[in-house]
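K.L.:
okay, sequence plus prediction incoming.
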2 protein chains.
Amino acid sequence: MTGMEETPTRPPLEPVLATPAYVVLGMVRLGSRSGYEIKQTVEQSIRFFWTISQAQIYPSLELLERTGLIEGREEPQGRRRRRVFQVTPAGERELERWLEREEPMPFELRDVGMVKLFFADAMEPESAARLLQAVQARSEERLADLEQISEVALQVEREGNAHPMLTLRMGIAFHRAMIEVCEQFAEEASLARSR
Amino acid sequence: MTGMEETPTRPPLEPVLATPAYVVLGMVRLGSRSGYEIKQTVEQSIRFFWTISQAQIYPSLELLERTGLIEGREEPQGRRRRRVFQVTPAGERELERWLEREEPMPFELRDVGMVKLFFADAMEPESAARLLQAVQARSEERLADLEQISEVALQVEREGNAHPMLTLRMGIAFHRAMIEVCEQFAEEASLARSR
DNA sequence: TTGTACATGTAAAGGGTTACATGATTCC
DNA sequence: GGAATCATGTAACCCTTTACATGTACAA
């Protein structure tokens, strides 16, 4: 921070959008055209670390258009209405500004499965083992999902976007890590039970 | 459940509590006595995969006491008020019932850092590298925190509660996995940049 | 005496999802 | 002809956090 040439009170000149709006902006930039398509793309790309509901998408699109960051036009399919969007130069800049902005990035995890495991010493050992198994199975399912997406990510990578593959690898790595810990602990616990 | 003397339509006899209430119940069972203490314990144990604010804790304690799952009594420290709680046999049973209940356990992760990384192909390569570095640093810090807690978890384990150590190991494993992926990708990207 | 920790309580605001509403198109 | 998919819009609800309010004890 230089601080020297700043005026004492500095109101933010450009309105700072909320994260969902930036997500929508980013998805339009990556080629999602309609609100419906954005929802689908989110589900098969970032849903592992970010979700967004329809009820957020359409108002976000409206806001982005009002502030000139995207431009939309009607492009109906037959008689079915449809509004498609593309990012404006201003939108491109604002997306970069957000990406580069240094801001707190809390890693927010909410997992009832892990909470239950934390308290699992209150259970019968066999029940605790079943719970552990359920948590492991969940990660295995998720891992299978993620590995399926690899094909798409590889295609996206060839088209010049290498970072979706990075976040995919993170997801894979970290469910693998979960599974490994589950397996280790299950073994230790089963030894302890048989003693 | 005997079932015979029940009326045809069977409304849930025992009210199903929300997760925060079960978390509070579980913490009281593990030895947290006051609301204040519960908050502290959560911060140094499960905050990595579950948070709970003061504004949820006190009403939860009230609810748990009303439904007979915990029992409280005033135990002031000098002139400073303080209400301490302990789990009743009914509370013990209800906690187990919740732990054993098979219910969906969504793994909910919300991470602006990963979202930004996903879109990072829109940045200058150097900026993207900085962002990656920031995400890696964040996991390194978190890892250090978690490793610090190990001592406490080890003590808890000796006292007969092995599962807090399990969830701690999960946290450690999965930030290590994140760091590893960051390092790998950084190397690949730096090679690509120098070409 | 001033700041920090202990201790509880709650109103208001915020952010998000669910659910409903509407209608066209396509596939079986 | 009916179900699933495409497509948009929004009101109501729910959960959670933030912020404020109040007061004691203790250490620097």
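P.N.:
Received it, and whenever you're ready, just let me know what you need.
K.L.:
need the helices for chain A, in chain order.
P.N.:
A:19-29, A:35-43, A:54-66, A:89-100, A:112-118, A:125-158, A:163-194 (DSSP state H).
K.L.:
tell me the angle the longest one makes with helix B:89-100.
P.N.:
Looking back up the chat, that one is helix A:125-158. 40 degrees (axes from the mean of the first three to the mean of the last three CA atoms, to 10 degrees).
K.L.:
how about helix A:125-158, which residues are buried there?
P.N.:
Under the neighbour-count criterion of 16 or more other CB atoms under 10 Å in any protein chain shown, helix A:125-158 has A:128-129, A:131-132, A:135-136, A:138-139, A:142-143, A:146, A:149, A:153, A:156-157 buried. In short, each C-beta sits where N, CA and C put it, glycine included.
K.L.:
and what of the second one?
P.N.:
With burial defined by 16+ other CB under 10 Å, the residues of helix A:35-43 counted as buried are A:35, A:37-39, A:41-42.
K.L.:
could you say what helices and strands it packs with?
P.N.:
Helix A:35-43 is packed against helix A:19-29, helix A:54-66, with contacts defined by 3 or more CB pairs under 8 Å, 6 or more residues apart in numbering or on different chains; DSSP states H and E.
K.L.:
would you mark the buried spots in the shortest one?
P.N.:
Think helix A:19-29. A:19-29.
K.L.:
before we move on, what about the last one?
P.N.:
When burial is assessed from 16+ other CB under 10 Å, helix A:54-66 yields the following buried residues: A:56-57, A:60-61, A:63-65.
K.L.:
near DNA strand D, list only the ones from the residues you listed.
P.N.:
A:L61 (CB under 7 Å from any atom of the strand).
K.L.:
what is the nearest of the buried residues of helix A:54-66 to A:E71?
P.N.:
A:E65 (6.8 Å; CB to CB).
K.L.:
before we move on, back to that, out of the helices of chain A, flag the one nearest B:L95.
P.N.:
Closest among the helices of chain A, using CB to CB: helix A:112-118, at 10.1 Å.
K.L.:
for that closest one, list the C-alpha coordinates in PDB.
P.N.:
Only the C-alpha atoms of helix A:112-118 are listed here, as PDB (Å, rounded to 0.1, in the frame of the first residue of the first chain):
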ATOM      1  CA  VAL A 112     -22.300 -33.100   8.700                       C
ATOM      2  CA  GLY A 113     -20.500 -36.400   7.900                       C
ATOM      3  CA  MET A 114     -17.300 -35.100   9.500                       C
ATOM      4  CA  VAL A 115     -19.200 -33.700  12.400                       C
ATOM      5  CA  LYS A 116     -20.800 -37.000  13.100                       C
ATOM      6  CA  LEU A 117     -17.400 -38.700  12.800                       C
ATOM      7  CA  PHE A 118     -16.000 -36.200  15.300                       C
END
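K.L.:
could you measure from A:E92 over to A:Q56?
P.N.:
22 Å (CB to CB, to the nearest Å).
K.L.:
meant to ask about A:A122
P.N.:
38 Å.
K.L.:
cool, A:P104 as well?
P.N.:
A:P104 is 21 Å from A:Q56, by CB to CB.
K.L.:
one more: A:A128?
P.N.:
For A:A128 relative to A:Q56 (CB to CB), the value is 38 Å.
K.L.:
A:Y22 too?
P.N.:
Distance from A:Y22 to A:Q56, by CB to CB: 12 Å.
K.L.:
is any part of stretch A:171-181 close to chain B?
P.N.:
Yes: between stretch A:171-181 and chain B, judged by CB under 8 Å from any CB of the partner chain, the touching residues are A:173-174, A:176-178, A:180-181.
K.L.:
show me the contacts for the spatially closest residue to A:E74 that is not a sequence neighbour.
P.N.:
The shortest distance from A:E74 to any non-neighbouring residue, by CB to CB, 6 or more residues apart in numbering or on different chains, is to A:R83 (5.7 Å). Contacts for A:R83 (CB atoms under 8 Å, 6 or more residues apart in numbering or on different chains) come out as A:34-35, A:61, A:72-75.
K.L.:
and A:G68, by the same measure?
P.N.:
Counted by CB under 8 Å, 6+ apart, A:G68 has contacts A:88, A:90-91.
K.L.:
rerun that using 6 Å as the cut-off
P.N.:
With contact taken as CB atoms under 6 Å, 6 or more residues apart in numbering or on different chains, A:G68 is in contact with A:A90.
K.L.:
how close does it get to DNA strand C?
P.N.:
Separation of A:G68 from DNA strand C (CB to the nearest atom of the strand, to the nearest Å): 22 Å.
K.L.:
I figured A:Q56 hits A:P20, correct?
P.N.:
Yes: taking CB atoms under 6 Å as the definition, A:Q56 is a contact partner of A:P20 at 4.8 Å.
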